[in-house]
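>>> sequence and predicted structure are below.
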Amino acid sequence: MQRMLLLGDEAIAQAAIDAGISAMYAYPGTPSTEIPEYVDHSKEARAKGVVTHWAANEKTAMEGAIGMAYAGKRTMVTMKHVGLNVAADPFMNSAITGTNGGLVVLAADDPSMHSSQNEQDSRVYGKFALLPILEPVNQQEAYDMVHYGFEISEKYHVPVLMRITTRLAHSRAGVVRREAREQNPLKLPEDLKQYILLPAIARRRYKALLGLQADFIREGAESGFNKYIDGKDKRMGIITTGIAYNYLLENYDDRVVPYPVLKISQYPMPRPLVEKLVQETDEILVLEEGYPVIEELLKGYLSLGLKVKGRLDGTVPRDGELNPVIVAKALGFPVDEEKCIPEVVAPRPPSLCPGCPHADTYNAINECLKDLPKGRVFSDIGCYTLGALPPYNAINSCVDMGASITMAKGASDAGLHPSVAVIGDSTFTHSGLTGLLDCVTDKTPVTVFVLDNGTTAMTGGQISAGTGRIDQICKGLGVEEEHIRILKPLKKNHEEMVKVISEELEYKGVSVVIAKRECIVELNKRMREKFKNKQSS
Amino acid sequence: MKIDIILAGVGGQGILSIAATIGMAAVDMGLHLKQAEVHGMSQRGGDVQSNLRLSNREIYSDLIPRGQADMILSVEPMESLRYIPMLSKSGWLITSTEPFVNIPNYPPMEEVMAEIRKQPHHIALNADQIAKELESPKSANMVMLGAASPFLDMPFEKLEKAVHTIFGKKGEEVVSKNIAALRAGREFAEKNR
């Protein structure tokens, strides 16, 4: 079959197309974005009528996927790790409803927080929901596992969680494709009460889910993704999860590890294999890309039993992603750390692009607030979070999608005035609407800036659900029309912006200032396309 | 054989075009390849790098172990120094001397160059200048790849072929300009190694 050079994300997307999904559901988030992007741009997907639905947020994406699988089709929903928090309600309950068509939920974790506000481990969610979890070791396994994930999803009628981390998501390698499978026909569940989670039905379905756990463990021992590789030296046994296996092998020139190794890529853990490793070796080293999930389980709360080494005893750092050198140290190999970064090298943090509309907005906001004590601007997640850095130093918070508005409300409730929120258009439609409704309900004095650049910029310019209608949405939520102000953030409009913003900061009610100008990156992209089309026509 | 390369630059400088060209040549030679990239927030003008690994046997880690890179190939001088701890004792540092100044505290150029010259194996060239002289200012990255080519364990023709494949869609003129850039970079490195 065809061999392709693909990012881990792209391998997953290609596999989803080949496994016969009928649609992809997603809200963009690093490091997951390239999966729905790939399907969105795939000619093959288009020819098969496979659509990428860019949802308003991860919860609506997840629910859309549950509905599609209800109708018997295969579907995948993708999100970054913190997106699974947003989708947690439907995700947890989808384990109880079960599924009809195959449903694979993909969460991309970001240990070391390259582009995230925390490094939570999605395997904890999978265990919480009592669902099978797949955690590929490399791009090829990621491709193969999507096919397998759909098979067991349809075999046991449950969603399957697939968990990847940044380095797999954003690393390219050769992947061999399989033959593509046809899409499922539309077919409703046999039991039309399956999805009605009234207590009586939910109790029955929960018992059924509990009853499947033994099957899930058996599948994990038989599927071949979990492997026991024997070694001569029984003084230590090593458990690796996901890509940690690669870092282990990297440390042996001949790729032969002297110790017995249990490579885990599928959960619940393969109990018989774990028992074998524990019986045959004196102590266990656990190498996990993420939280010490397995380590904690094996060690037990009081550490009375097994000798287990890993993140909890300092053999491996407690936080951050793994790499070959961290694993070398854990194995007791000497590591040459002589060379340092020369002192002359200055940090180069990311920054707003030259010509970015957010820069003009922040300059105006800063001027309006310059005579007030600092600390009253609640912001959110997107490119504009970079307003936290010099030269702007304009914001005081970035917590979770939508928290700008609700935190500004809380601080206002506490007596802070003016209390300011700064939120991007896509983040606003993701999770800002309900917070603004709370403000309207309570007539809370807040000034909400919606930075409307017409796109989801930070993740590379995906559709933003409210483009062109932010003012109407605010009006619909009950914000007074005279306090919905639209500005065009440009240097030449600075005086006008300062005037309007000052007026709204004084208002003791809900006001929304929409700073509306196209993202400079998207504008340049559009101009290039236009130029190209002109040339070719 | 194995070749481990750290590609370095600033978000938006297009280091991935270099990676794609080497990658194409590697695939053509039947080599295994892994290439870890940076996506997301850092792409907005921050420091970016890519770990490009080639080998004639299966590659496991997506990341190059510290101190084992055979080359740092950087399109920006200060950025080339950021990855010194990654470079092996016999490794080469190949960098452009054209600074990309988007921070207020960019160090004085003479200090940056002094640090580069301290490296036992280095090639420093003004790729932008060379590309401009060839009337192909957009080909600076191919000049850099050319400068790296004598130290890559792969036939030069394979790189030229990859340039043909990658730029072929854009027409013969673009291809020949990039080939010229590639050769000019190689020539500089051969003379100054």
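Right, received. Where do you want to start? Computed from a prediction, not measured in an experiment: that's the story for all the values here.
>>> pLDDT weak spots in chain B?
Applying pLDDT under 70 to chain B flags no residue at all.
>>> tell me how many other residues surround whichever residue of the stretch 401-537 of chain A sits closest to chain B.
Closest to chain B within the stretch 401-537 of chain A is A:Met458: 6.7 Å, counting by CB to the nearest CB. Any C-beta I mention is one placed from the backbone N, CA and C, and that applies to glycine too. When neighbours are defined as other CB atoms under 10 Å in any protein chain shown, A:Met458 has 27 of them.
>>> can you check the one 4 residues further on too?
By the criterion of other CB under 10 Å, A:Gln462 has 20 neighbours.
>>> tell me the phi and psi of it?
A:Gln462 adopts backbone torsions of phi -90, psi 170, taken as degrees, to the nearest 10.
>>> so is the residue of the stretch 401-537 of chain A closest to chain B in a helix, a strand, or just coil?
Three-state assignment for A:Met458 (DSSP: H, G, I helix; E, B strand; the rest coil): coil.
>>> contacts only, for it.
A:Thr30, A:Ile381, A:Gly382, A:Cys383, B:Gly40, B:Met41, B:Arg44 (CB atoms under 8 Å, 6 or more residues apart in numbering or on different chains).
>>> the last one - nearest residue in space that isn't next to it in sequence?
So the one you mean is B:Arg44. Once flanking residues are discounted, B:Arg44 sits nearest to A:Pro350: 4.0 Å by CB to CB, 6 or more residues apart in numbering or on different chains.
>>> quick check, the one you found in a helix?
No - assessed with three-state DSSP, A:Pro350 is coil; it does not lie in a helix.
>>> residues contacting it?
So A:Pro350 contacts A:Leu386, B:Gly11, B:Met41, B:Ser42, B:Gln43, B:Arg44, B:Gly45, B:Gly46 (CB under 8 Å, 6+ apart).
>>> drop the exposed ones from the residues you listed and show what's left.
Applying 16 or more other CB atoms under 10 Å in any protein chain shown to these, the neighbour count classes A:Leu386, B:Gly11, B:Met41, B:Ser42, B:Gln43, B:Arg44, B:Gly45, B:Gly46 as buried.
>>> which residues of the stretch 351-500 of chain A lie near chain B?
A:Ser351, A:Leu352, A:Cys353, A:Cys383, A:Leu386, A:Pro390, A:Pro391, A:Met458, A:Thr459 (CB under 8 Å from any CB of the partner chain).
>>> coming back round to it: turn the contacts of A:Pro350 into TSV, including secondary structure and distance to B:Met86.
As requested, the contacts of A:Pro350 are exported to TSV (DSSP: H, G, I helix; E, B strand; the rest coil; distance: CB to CB, whole Å):
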residue	secondary structure	distance to B:Met86
A:Leu386	helix	27
B:Gly11	coil	19
B:Met41	helix	21
B:Ser42	helix	17
B:Gln43	helix	20
B:Arg44	coil	23
B:Gly45	coil	22
B:Gly46	coil	18
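>>> which stretch of helix or strand covers the most centrally placed residue in chain B?
The residue lying closest to the centre of chain B (CA atoms, centre = their mean) is B:Leu73, at 3.5 Å. Element membership for B:Leu73 (DSSP states H and E) is strand B:69-74.
>>> name every strand pairing with that strand and say which way it goes.
Sheet pairing of strand B:69-74 (DSSP bridges) gives strand B:2-10 (parallel), strand B:87-96 (parallel).
>>> point out the most buried one among the ones you listed.
strand B:2-10 (a mean of 24; mean count of other CB atoms under 10 Å in any protein chain shown).
>>> next helix or strand past that one?
helix B:15-28.
>>> for chain A, which helix is longest?
In chain A, assigned by DSSP state H, the helix with the most residues is helix A:199-222.
>>> buried set for that one?
For helix A:199-222, burial by neighbour count (16+ other CB under 10 Å) applies to A:Ile201, A:Arg205, A:Leu209, A:Leu212, A:Phe216, A:Ile217, A:Glu219, A:Gly220, A:Ala221.
>>> quick one: contacts for the last one?
Applying CB under 8 Å, 6+ apart, we find A:Ala221 in contact with A:Pro270, A:Arg271, A:Pro272, A:Leu273.
>>> now, the most widely separated pair of those?
A:Arg271 and A:Leu273 (7.3 Å; CB to CB).
>>> and A:Val77, that's in a strand?
Yes - applying three-state DSSP, one finds A:Val77 inside a strand.
>>> so what's it closest to, chain neighbours aside?
A:Ala65 (3.8 Å).
>>> show me what the next helix or strand after the strand holding B:Leu73 is packed against.
For strand B:69-74, the succeeding helix or strand toward the C-terminus, using DSSP H and E, is helix B:77-82. Counting contacts by 3 or more CB pairs under 8 Å, 6 or more residues apart in numbering or on different chains; DSSP states H and E, helix B:77-82 is packed against strand B:2-10, strand B:47-55, strand B:87-96, helix B:109-118.
>>> tell me the pLDDT at the residue of the stretch 401-537 of chain A closest to chain B?
A:Met458 is assigned 92 on the pLDDT scale.
>>> I figured A:Ile239 was touching A:Leu285, is that so?
Yes - in this structure A:Ile239 lies within contact range of A:Leu285 using CB atoms under 8 Å: 7.3 Å.
>>> show me chain A divided up by domain.
Domain segmentation of chain A under automatic domain parsing yields A:3-222, A:227-330, A:357-523.
>>> show me the contacts for the most far-flung residue of chain B relative to its centre.
For chain B, the largest distance from the centre (CA atoms, centre = their mean) belongs to B:Pro104, which lies 25.6 Å off. Applying CB under 8 Å, 6+ apart to B:Pro104 gives the contacts A:Pro390, A:Pro391.
>>> what stretches of chain A score poorly on pLDDT?
A:1, A:536-537.
>>> centroid-nearest residue for it?
A:Lys80 (0.4 Å).
>>> A:Gly72 versus that one, what's the distance?
28 Å (CB to CB, to the nearest Å).
>>> what of B:Val101?
58 Å.
>>> is it true that A:His53 lies in a strand?
Yes - counting by three-state DSSP, A:His53 is part of a strand.
>>> run a quick neighbour tally on A:Arg178.
For A:Arg178, using other CB under 10 Å, the count is 15.
>>> what sits against it?
Contacts of A:Arg178 (CB under 8 Å, 6+ apart): A:Met1, A:Asp18, A:Tyr143, A:Asp144, A:His147.
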